[in-house]
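In: Next one to model:
(chains A and B)
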Amino acid sequence: AQKITQTQPGMFVQEKEAVTLDCTYDTSDQSYGLFWYKQPSSGEMIFLIYQGSYDEQNATEGRYSLNFQKARKSANLVISASQLGDSAMYFCAMREYGGSQGNLIFGKGTKLSVKP
Amino acid sequence: DTEVTQTPKHLVMGMTNKKSLKCEQHMGHRAMYWYKQKAKKPPELMFVYSYEKLSINESVPSRFSPECPNSSLLNLHLHALQPEDSALYLCASSQLGTVNSPLHFGNGTRLTVT
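Out: Numbering: from 1, shown residues only, chains lettered A, B, ... in the order given. Below you'll find the predicted structure:
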């Protein structure tokens, strides 16, 4: 079974609108971390935001926020006021406390296209 | 500016060549990683170094040989590669022992094997 599931292979959003990218996860660990990365076509993986399993507040970083619903095992990324530069692949990832040397488990990604 | 530096950015090599990819970080991280990423796919873990020692090898063919000379440097030596090894190779580093430390990635090396 997949540990990280991103069900939207591609998404379109109008510039200046908000968009939600979905991510669900599966783990039996009590302690884990959830991460979102952005990968533009140039290739670099850019860390966006982190949510810990014990964090009670949803994480926010500028225009990025993470809608964390622990009981549903979901960690959706919300991008507010989309910009053309937000067009990229977005990966949800998880790090389990009992995982192998802190490796990240990645979802398959969502390609976001922002329309002018 | 990325805090993890990878060189070269692009590499084209023949199947009989020997080349090396280099990665450097100065964040004091004690875990370093090599990932391989094919187009439109997520990164796949190849190797993990913890405290300069190889701790994970994800059944990577021996034509890929990692090396960690010190806590800041990570190399990937390439020999007798196949065309299917063409991919983006990403290096990353992170703190150890905590789930809340993100992996910091370099910009990657785009490798083409002819």
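In: For chain A, what lies in contact range of chain B?
Out: A:31-33, A:35, A:37, A:42-47, A:50, A:52-53, A:89, A:91, A:95-97, A:100-104, A:106-109 (Cβ under 8 Å from any Cβ of the partner chain). (Each C-beta comes from the backbone N, C-alpha and C, glycine too.)
In: Mind checking which of the residues you listed land in strands?
Out: Among the residues of chain A next to chain B, the members falling in strands (DSSP state E) are A:32-33, A:35, A:37, A:46-47, A:50, A:52, A:89, A:91, A:95-96, A:106.
In: Now the two most distant members of those.
Out: The most widely separated members of these are A:G52 and A:M89, with 24.0 Å between them, by Cβ to Cβ.
In: Give me the below-cutoff pLDDT ranges for the chain.
Out: Using chain A. The model of chain A has pLDDT under 70 over residues A:1, A:98-101.
In: wrong chain, I was asking about chain B
Out: B:1-2.
In: Quick one: name the residues of it near chain A.
Out: Residues of chain B lying close to chain A (Cβ under 8 Å from any Cβ) are B:2, B:31, B:33, B:40-43, B:45, B:48, B:50, B:55-56, B:88, B:90, B:92, B:94-108, B:110.
In: Check the residues you listed for burial and list the buried ones.
Out: A residue is treated as buried here by neighbour count (16 or more other Cβ atoms under 10 Å in any protein chain shown); on that basis the buried members of those are B:31, B:33, B:42-43, B:45, B:48, B:50, B:56, B:88, B:90, B:92, B:94-95, B:99-108, B:110.
In: Report the contact partners of A:G85.
Out: Applying Cβ atoms under 8 Å, 6 or more residues apart in numbering or on different chains, one finds that A:G85 lies in contact with A:V114.
In: Now do the closest residue to A:Q30 other than its chain neighbours: how many residues are near it, please.
Out: Counting by Cβ to Cβ, 6 or more residues apart in numbering or on different chains, A:S53 is the residue found nearest to A:Q30 once chain neighbours are left out, at 6.7 Å. For A:S53, the number of neighbouring residues by other Cβ atoms under 10 Å in any protein chain shown comes to 20.
In: How far away from the center of its chain is stretch B:26-37?
Out: Between the centre of stretch B:26-37 and the centre of its chain there are 8 Å (Cα atoms, centre = their mean, to the nearest Å).
In: How about stretch B:90-104?
Out: Distance of stretch B:90-104 from the chain centroid (Cα atoms, centre = their mean) equals 14 Å.
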